[in-house]
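S.K.: Just a sequence and a predicted model for now, questions to come.
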Amino acid sequence: MRRLWTVGLSHHTAPVEVRERLAMNESAVRRQLAQLLGDGLCEEAFLVSTCNRVELYAVPTSDDALYSYFDQFRTDGGVSLRSHLYWHRGGDAVKHLFRVASSLDSLVVGEPQILGQMKDAVRIAQEENALGKTLHPLTQRSFSVAKRVRTETDLGRFRVGVGNAGVDLAAQVFGGLTDRRALLVGVGEMGRQVGRALLNAGLSELLITNRTDTTAAQLAEEMSATSVPFDRMGEYLSRVDVVVVATGSQTPILGVPEAQEALKSRGYRPLVFIDLSVPRNVDARVGELSEAYLFNVDDLRQVVHQGQAKRRQASEQAMKLVSAEAARYVSSRSDVGHHVSLARKAMHAERIRQREISRSKLLTEGLSPEQRAQLEALTKALVRKLVFAEQDDQEAPVHSGEED
């Protein structure tokens, strides 16, 4: 695996204005793969390009080939990007790939999107005939390792971020959000996060309202939601199961009377209020009503902190798995390469042995069948000792130097 290299930059090493200099869409990735192989820089390669990383996994024809390739990418001022690049070789490159595929190197550790992006990168490389005997089995193993991390560790269970925290709290009330409806009041960033997370959790419909109707309509179009008039907000409370409030009002915009009326119209089925505003925009007494569940921004932060602590523990567990899998893979590939090399040497030596015996007809013509058999056995044993001498030395027992 010594010839395997990983070179790239990510959110760990470069700000967005640098990462965007290397960012590539699918067409650009195909062009770069064609250049790498067509110019003889690499024997095999695949490129991963996301908003948080651009990485090249390659079997280069030389180390200098990779340096020259990355020197074509520069900042607006013409400065090389080398200071932002990280370089991994051999076993370290394998371990890095397994970490990335398993989402242990992501901005949000445990997010599932990176594995799909890795699979897309491998698919493109396959279509461009850029994968071979080194990268093809390696990429397939990375997917298996990522699956083990998702199924055998708790990494995927504990989500972080305000949006997911809101989903978790609402889901606890309803036992899931499939076929539920929600109303988003206000279009602040935290509200958007919760709205998107609710939709991703299987919400059947999202309604959006804001004091400025055009702003609500724009966000509704962006999120495939429905905008409703702000002055008719009360009419829609009874039609939804979750109300997310994220406005900048200095006083509550939803009070006990509105909540009571909505609960009555719903037949007192549960209604969740998620108040993301500071100051709070939902009267705190709403939470005292039967079947009303009120969560404020501090409740969400507590869920986030709990998720982060549990995720750190899960990350440590996942890293142990990834490190063990990387070491096992490198060892298995090294053994294969070693045995293949020895087999080739043995075949070459056997051809030499047969050729030299054929050249010595004057010495062998007078030998009896038994003597010829002895000569065959002797020369074959000599060939084996020469070819496998290094392996035999490595496997020989270590003595202390004292005589038995």
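M.R.: Structure received. Numbering: from 1, shown residues only.
S.K.: Show me how this structure divides into domains.
M.R.: 5-152+315-333, 162-296 (automatic domain parsing).
S.K.: can these go into JSON lines with extra columns for distance to S368?
M.R.: All C-beta atoms are positioned from the backbone trio N, CA, C, and that covers glycine. Output for these, formatted as JSON lines (distance: least, CB to CB, whole Å):
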{"stretch": "domain 5-152+315-333", "distance to S368": "48"}
{"stretch": "domain 162-296", "distance to S368": "85"}
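S.K.: want to throw those into a markdown table with mean neighbour count?
M.R.: Below are the domains of the chain laid out as a markdown table (neighbours: other CB atoms under 10 Å):
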| stretch | mean neighbour count |
| --- | --- |
| domain 5-152+315-333 | 18 |
| domain 162-296 | 18 |
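S.K.: Quick one: the strands in this structure, in order.
M.R.: Here the chain has its strands, by DSSP state E, at 5-10, 42-49, 53-60, 86-89, 181-185, 205-209, 226-227, 242-245, 271-275, 292-296.
S.K.: Adding mean pLDDT, write those out as CSV.
M.R.: CSV is the format used below for the strands of the chain (pLDDT from 0 to 100):
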stretch, mean pLDDT
strand 5-10, 93
strand 42-49, 94
strand 53-60, 94
strand 86-89, 94
strand 181-185, 95
strand 205-209, 95
strand 226-227, 94
strand 242-245, 94
strand 271-275, 93
strand 292-296, 92
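S.K.: Out of those, which is closest to Q117?
M.R.: strand 42-49 (6.6 Å; CB to CB).
S.K.: ok, and what's touching that closest one?
M.R.: With contact meaning CB atoms under 8 Å, 6 or more residues apart in numbering, strand 42-49 is reached by 8, 22-25, 28-29, 32-33, 36-37, 54-61, 65, 100, 117-118, 121-122, 124-125, 130-132, 134-135, 139.
S.K.: For the residue nearest to A121 when sequence neighbours are not counted, give the beta-bridge partners.
M.R.: Nearest non-adjacent residue to A121, counting by CB to CB, 6 or more residues apart in numbering: V48, 4.5 Å away. Beta bridges link V48 to E55 when assigned by DSSP bridges.
S.K.: and V48, how far is that from S315?
M.R.: Going from V48 to S315 by CB to CB, to the nearest Å gives 21 Å.
S.K.: repeat for G195
M.R.: Applying CB to CB to G195 and S315 gives a distance of 28 Å.
S.K.: So, low pLDDT: which residues of the stretch 51-200 of the chain?
M.R.: 108, 156-163 (pLDDT under 70).
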